[in-house]
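Enquirer: what's the 3D shape of this:
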Amino acid sequence: MSLELAEPPALEPVTLAGMKARLRFTHTDQDDRIQAVISASRRRVEAECGLALIEQRWIERHDSWHEGGRLSAFGTRFRLGLGPVIEVESVSITAADGTSEIWAASAYELVRDVRSAWLVTRPAGSFPTIGSPANGLEIRYRAGFGVEASAVPPDLCEAVAGLAEHLLLTPSREPEGVALPSPVSLLLAPWRRAGL
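Expert: Model prediction:
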């Protein structure tokens, strides 16, 4: 599976002004750095939980429906890689001859909750055959809690702010490599997907 960000969020769940007030920073010479750390912290929180916080567009590609255990035991539900999903824009299947065809939206429905989303076949339907051995399935969708920061659950906003604060006060650290501070980890615990 691969996930490609097609359109990033238009804003962050934590504002520059809010972060500066939290840190009691009044100068402007570090604004670009603070904004970059907020963005990196949001991406880390999203990666930790398999979520998109603010609306963004993604392209998800798979070699088969069975890849990564995303297809349910009865073959009627396929779990998408990110949640929450706002809308599936298209599902494209590549045939053995290299041609691509859009799977009709009438053949499936999107079932979702605040953490996950599934493509579910309509009664008596089935998932189409993928003919290409590499990335033969492409799903384009919009994911996130909404277009405004106010749509993001407060505990996730606090996790982004807490991680950003930790990184800004420990400048030698990179967001991807640093262990999450305990308060941030506790905030994210209910949002993490259970592993099998």
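Enquirer: which other residues reach the top strand by length along the chain?
Expert: Ordering each strand of the chain by length in residues (DSSP state E) puts strand 85-94 first. Strand 85-94 is touched from outside by 55, 57, 80, 100-103, 105, 108, 110, 112, 117, 119, 128-132, 135-144, with contacts defined as Cβ atoms under 8 Å, 6 or more residues apart in numbering. Where you see a C-beta, it was placed from the backbone N, CA and C, and this is true even at glycine.
Enquirer: now which of the residues you listed would you call buried?
Expert: For the contacts of strand 85-94, a burial check counting by 16 or more other Cβ atoms under 10 Å picks out 55, 57, 80, 103, 108, 112, 117, 119, 128, 130, 132, 136-144.
Enquirer: circling back to that earlier point, buried ones in the longest strand of the chain?
Expert: Buried residues in strand 85-94, counted by 16+ other Cβ under 10 Å: 85, 86, 88, 91, 93, 94.
Enquirer: format those as a markdown table; extra columns: pLDDT and distance to residue 24.
Expert: What follows is the buried residues of strand 85-94, written out as a markdown table (pLDDT from 0 to 100; distance: Cβ to Cβ, whole Å):
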| residue | pLDDT | distance to residue 24 |
| --- | --- | --- |
| 85 | 96 | 38 |
| 86 | 96 | 36 |
| 88 | 97 | 44 |
| 91 | 97 | 49 |
| 93 | 95 | 54 |
| 94 | 93 | 54 |
